[in-house]
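> Next input, structure requested:
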Amino acid sequence: MSILYSETTLKAIGYDETPEFCYKEILQRRPSMQGSCWFILFTKALGYFLIASATISQIPQIFKILRRRNASGVSFVSMLLMLEASSSSVAYSLSKEYPINSWGENLVFMLQNVILVCLVLRYNKRPLASLSFMIFYIVVMIVLILPVIPSDVILFINIIGLPAASASRIIQIYTNHKNKSSGQLSATSTFLCIFQSCGRLTTSIVLTKDWIMVLTFLQVIILNIVLTCQVLYYRRSNKSK
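Residues are numbered from 1 along each chain as shown. Got it, this is the predicted structure:
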């Protein structure tokens, strides 16, 4: 989930400068403003960096399923919860007109998670369900994006996205444990998810100081570490057998 930081957020935590203003101040080398301005530009750059890293996070998983033509071990419910988390954040951010560098990685996650859900259905021999889900999802997202749903409803959907992201990891961890195998899960993708969560933990500590979100992202990091260790363990175990 994305930590939303815009000009309004920066002012709320004591920074009246905007990134555009800071560019000029730093170029003119005014020492009195450079401290806070460097902080603002750092957070802005971090937002874009997280978007860039998100573009590759699930690609290894997608390619592995396509290459093996097999989605065994990948929990459909887990992928569905991850899709809810990213989609709700996108809908909420668009409704609030937040700058894309504060939530853009969730747009990438959303697209990747849609593909993964459809692939899991497709390779579980449910091609019609995959097509039907894609059509249904597009309709739902159009309804969420258009200003026809009350903002309180979109806010609620966005709030439940945080526990949904944690629940998705727990479900996948349980699935691996039950199967004694990680199936077609990609270790690269799970590792990149750790990196992504660490970045969002940093922005939540530095920018919002919202300890509920900090603890949530810390929990997600721990769960992603456990999941990555599971994938590596079962991969080594299967090779030894």
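
> Quick check on I149: phi, psi?
Dihedral pair for I149: phi -100, psi 140, per degrees, to the nearest 10.

> Now it: closest residue in space, sequence neighbours ignored.
Closest residue to I149 apart from its sequence neighbours, by Cβ to Cβ, 6 or more residues apart in numbering: V143 at 6.5 Å. Quick note: C-beta positions are derived from backbone N, CA and C, even for glycine.

> Give me the distance between that neighbour and I160.
Using Cβ to Cβ, to the nearest Å, V143 is found at 17 Å from I160.

> you'd agree P60 is up against C193?
No. With contacts counted by Cβ atoms under 8 Å, P60 stays clear of C193, the gap being 10.8 Å.

> Measure how buried the nearest residue to I205 once chain neighbours are set aside is and give me the count.
Leaving aside its chain neighbours, I205 sits nearest to V214 (5.7 Å; criterion: Cβ to Cβ, 6+ apart). Using other Cβ atoms under 10 Å, V214 has 17 other residues around it.

> In the chain, where is pLDDT below threshold?
The chain contains residues with pLDDT under 70 at 1-41, 43-44, 47, 50-51, 54, 101-102, 203-204, 206-213, 238-241.

> same thing but at 50, please
Along the chain, the parts satisfying pLDDT under 50 run over 1-19, 26-27, 31-33.

> And the host helix or strand of R236, what does it pack against?
Element membership of R236, judged by DSSP states H and E, is helix 211-240. Counting contacts by 3 or more Cβ pairs under 8 Å, 6 or more residues apart in numbering; DSSP states H and E, helix 211-240 is packed against helix 161-179, helix 187-203.

> Now tabulate these in TSV and tack on distance to L128 and mean neighbour count.
Output for the helices and strands packed on helix 211-240, formatted as TSV (distance: least, Cβ to Cβ, whole Å; neighbours: other Cβ atoms under 10 Å):
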stretch	distance to L128	mean neighbour count
helix 161-179	24	18
helix 187-203	27	20
